[in-house]
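[1] Below are the sequence and a predicted model for it; my questions follow.
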Amino acid sequence: MNNNIKITFPDDTQKEFLKGITPQEILNQMGGRLKKEALAAQIDGKLVDLSCPISSDTHLSFIRFDDPEGSSVYRHSSSHILAQAVQRLFGKVKLGIGPSIENGFYYDFEVPQSFTPEDLEKIEKEMKKIIKENLPIVRKELSREEALSLFKEKGEDYKVELIQDLPVDQTISFYQQGEFLDLCAGPHVPSTGKIKTVKLLSLAGAYWRGDERNPMLQRIYGTSFIKQSLLEEYLNRLEEAKKRDHRKLGRELDLYSMHDEAPGFPFFHPKGMILREELLKFWRQEHQKAGYQEIKTPIILNRKLWEQSGHWDHYKENMYFTKIDDQDFAIKPMNCPGAMLIYGNRMHSYREFPLRYAELGLVHRHELSGTLHGLLRVRNFTQDDAHIFMLPSQVKGEVKKVIDLIDTFYKVFGFTYHVELSTKPEKAMGSQELWETATHALREVLVENEIPFNINEGDGAFYGPKIDFILEDCLGRKWQCGTAQLDFQMPEKFDLSYIGEDGQKHRPVIIHRVVYGAIERFFALLIEQYAGAFPLWLAPVQVILLPIADRHFEYARQNANYLRDGGFRVEVDERNEKVGYKIREAQVQKIPYMLVVGDKEMETNQVSVRKRGEGDMGPQLLGVLLETLKKERKEKTLTR
């Protein structure tokens, strides 16, 4: 009987080993850096512990921290160390869940008392002690009945609930490190000593399983890295992010506010409205160039329409409702159905295609109060939607044009981005065949145009696959904004048609797409991208005149009016303050240009120019400066 198995490595080399060997034992034989760096393994693509026995011929690869799966395993193991430390220090603790998240991890707890910032210091100290103990992290398996009995005996109500939700015949896995035991699918690093650095970051409340009807648990957030230098770099980025926080800068720059009287519904102030309107003006200019026609649809529509569109079945929990004349209506969470009604208002010919409708539509979505976050997560926002109706033969060309348009916008604002192809979700409309056709069409566009992309399995819209554009800001954070969704479903739902070249009725194909995504969210990202120092074309106040004394006020006003006639937003600081104070105030407000005027400037008919980020630029004639400003505005030059 042959007890050997054949293992194929990523470089296609093959070796024979005894059946039952573990990845860790293979690492021990191989030696080198990989033995030290490997955190987990993949057997035929499945992520497993290094202690997992291999019983048949397989492809084997090892996972390091630098791999996305590696950092996730590393931080998930860190969350278990956090839970163990909390149990050691606080005794009577019920465990919730503790997953890894982007750049970190968290764990939810039910404890009699509230955690304090001082508690975090104690917990972190205990975590470091557990890491030093280098406890083996061991996977064990039990039947469903045994697992239920074990966790009921331990009083772990939340774990019992999770087990009860699993299939009846499923074997339950859990992990043990020292005295600590946790229900978990794994995998994990081999021992607590594999974790090199940890840092607890913050406290928050979190409803069990994200449902506000469930108990509120206490959540501890943390992060961990393979090197101290990486942790310090990350913490520095967090500090910079705090300085750039759009909630802080939005208040300081008087751009917008949020109020308890309307949670999740933003109030835009005069300066915020200027910035917002500049975004919309640019949007309209570029869409007119690209052949779009702007439409506007109502925000309240009859329930029957939402049933017809599929939103009633697939999106009802996120919608707001009202009654009008004893009939059910819904406030729109999306603009799509309104655009369908406009298209269906008359018959169309194939000669009209592609037909591009664009709408800056106000939508409302019911978000849980705990998820609201400044302008990044709100309950009403303006979506810069467009619906492109076309022939099947025009799909690839139109998708490419959407990609080019989005690329144009993001380059103007200085964002880099990557592309993801999001496929059929669990809840979806339409046949598998239509989904495959639509997904294949989007994939072809990306491949043919040599656009690198990742597959985002199961994250498509319920009516079709989509291409998502993931922005990366100056701090390396990623945000999903633009999207292009291909839809074969809505034309069927709304019985949309056109007269083809053969004189017969046919179904159009639709692309749903946004560029900014939500204006409010994009607004927040711009605040943080520029740290409130907006480029000249966006800045609410573009130029401020700073007269040195009262006798210079009239000259300052004349210069201000001259610049206003040139189309610029100008203020004059006529407060009875020293000019140095006025300069500092203008710097705090991040105004691009400061023009100091005094006796010397009045005598020479000039202004003394200070530019944000560059300092004193000396005296200039106002006409010369105006031409500089016009050029910078036209070119939408990025701020430093």
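    Alright, I've got the coordinates.
[2] Could you chop the protein up by domain?
    Using automatic domain parsing, the domain parsing of the chain gives 4-64, 71-237, 256-299+333-530, 543-635.
[3] can you put those in JSON lines and add mean pLDDT and distance to W537?
    (Each C-beta comes from the backbone N, C-alpha and C, glycine too.) Converted to JSON lines, these look like this (pLDDT from 0 to 100; distance: least, Cβ to Cβ, whole Å):
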{"stretch": "domain 4-64", "mean pLDDT": "92", "distance to W537": "45"}
{"stretch": "domain 71-237", "mean pLDDT": "93", "distance to W537": "28"}
{"stretch": "domain 256-299+333-530", "mean pLDDT": "92", "distance to W537": "7"}
{"stretch": "domain 543-635", "mean pLDDT": "96", "distance to W537": "5"}
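[4] mind checking which of the ones you listed is nearest M319?
    domain 256-299+333-530 (5.2 Å; Cβ to Cβ).
[5] about what we covered before: present the domains of the chain as CSV; the columns should include mean neighbour count and distance to D325.
    As requested, the domains of the chain are exported to CSV (neighbours: other Cβ atoms under 10 Å; distance: least, Cβ to Cβ, whole Å):
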stretch, mean neighbour count, distance to D325
domain 4-64, 15, 56
domain 71-237, 17, 32
domain 256-299+333-530, 18, 15
domain 543-635, 16, 46
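[6] Just put these in JSON lines and tack on distance to K316.
    Shown next, in JSON lines, are the domains of the chain (distance: least, Cβ to Cβ, whole Å):
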{"stretch": "domain 4-64", "distance to K316": "35"}
{"stretch": "domain 71-237", "distance to K316": "16"}
{"stretch": "domain 256-299+333-530", "distance to K316": "9"}
{"stretch": "domain 543-635", "distance to K316": "43"}
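[7] how about these, which one is nearest D326?
    domain 256-299+333-530 (18.9 Å).
[8] Next, the distance between the ends of the closest one.
    This stretch, domain 256-299+333-530, spans 17 Å end to end (Cα to Cα, to the nearest Å).
[9] Does F534 touch L526 like I think?
    Yes: using Cβ atoms under 8 Å, F534 is in contact with L526, at 7.1 Å.
[10] Give the residues shared as contacts by the two.
    Counting by Cβ atoms under 8 Å, 6 or more residues apart in numbering, the contacts common to F534 and L526 are L275.
[11] The stretch 151-300 of the chain: helices as residue ranges?
    Using DSSP state H, counting those that start in this stretch, the helices of the stretch 151-300 of the chain run over residues 157-164, 228-244, 246-252, 270-289.
[12] Kindly reformat the ones you listed as CSV and extend each row with distance to T628.
    Below are those laid out as CSV (distance: least, Cβ to Cβ, whole Å):
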stretch, distance to T628
helix 157-164, 63
helix 228-244, 28
helix 246-252, 27
helix 270-289, 19
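[13] Quick one: closest of those to E121.
    helix 228-244 (15.2 Å).
[14] Contacts for the closest one next, please.
    By Cβ under 8 Å, 6+ apart, helix 228-244 touches 103, 196-197, 199, 201, 223-225, 248, 475-477, 527-529, 531-532.
[15] re earlier: nearest to Y593 among the helices of the stretch 151-300 of the chain would be which one?
    Closest among those, using Cβ to Cβ: helix 270-289, at 15.8 Å.
[16] For the stretch 251-400 of the chain, just list every one of the strands.
    256-257, 267-268, 293-294, 300-302, 320-324, 327-331, 355-364, 380-390 (DSSP state E, counting those that start in this stretch).
[17] Out of the ones you listed, flag the one nearest I43.
    Short answer: strand 380-390, nearest of the strands of the stretch 251-400 of the chain by Cβ to Cβ, at 43.9 Å.
[18] helices and strands around that closest one, which ones?
    Under the contact definition 3 or more Cβ pairs under 8 Å, 6 or more residues apart in numbering; DSSP states H and E, strand 380-390 sits against helix 336-343, strand 355-364, helix 395-413, strand 509-518, helix 519-530.
[19] can you pull the alpha-carbon coordinates of the helix of greatest length in the chain into CSV?
    Counting residues, the longest helix found in the chain (DSSP state H) is helix 68-90. Extracted C-alpha coordinates of helix 68-90, given in CSV (Å, rounded to 0.1, in the frame of the first residue of the first chain):
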residue,chain,number,x,y,z
PRO,A,68,-4.5,39.5,2.3
GLU,A,69,-5.4,36.1,3.7
GLY,A,70,-2.3,36.2,5.9
SER,A,71,-3.1,39.5,7.6
SER,A,72,-6.7,38.4,8.1
VAL,A,73,-5.6,35.2,9.9
TYR,A,74,-3.0,37.1,11.9
ARG,A,75,-5.6,39.7,13.1
HIS,A,76,-8.3,37.1,13.8
SER,A,77,-5.8,35.3,16.0
SER,A,78,-5.1,38.7,17.7
SER,A,79,-8.9,39.0,18.4
HIS,A,80,-8.8,35.7,20.3
ILE,A,81,-5.9,37.0,22.4
LEU,A,82,-8.0,40.1,23.1
ALA,A,83,-10.9,37.9,24.3
GLN,A,84,-8.6,35.8,26.4
ALA,A,85,-7.2,38.9,28.1
VAL,A,86,-10.6,40.3,28.8
GLN,A,87,-11.8,37.0,30.3
ARG,A,88,-8.7,36.9,32.5
LEU,A,89,-9.1,40.4,33.8
PHE,A,90,-12.9,40.7,34.1
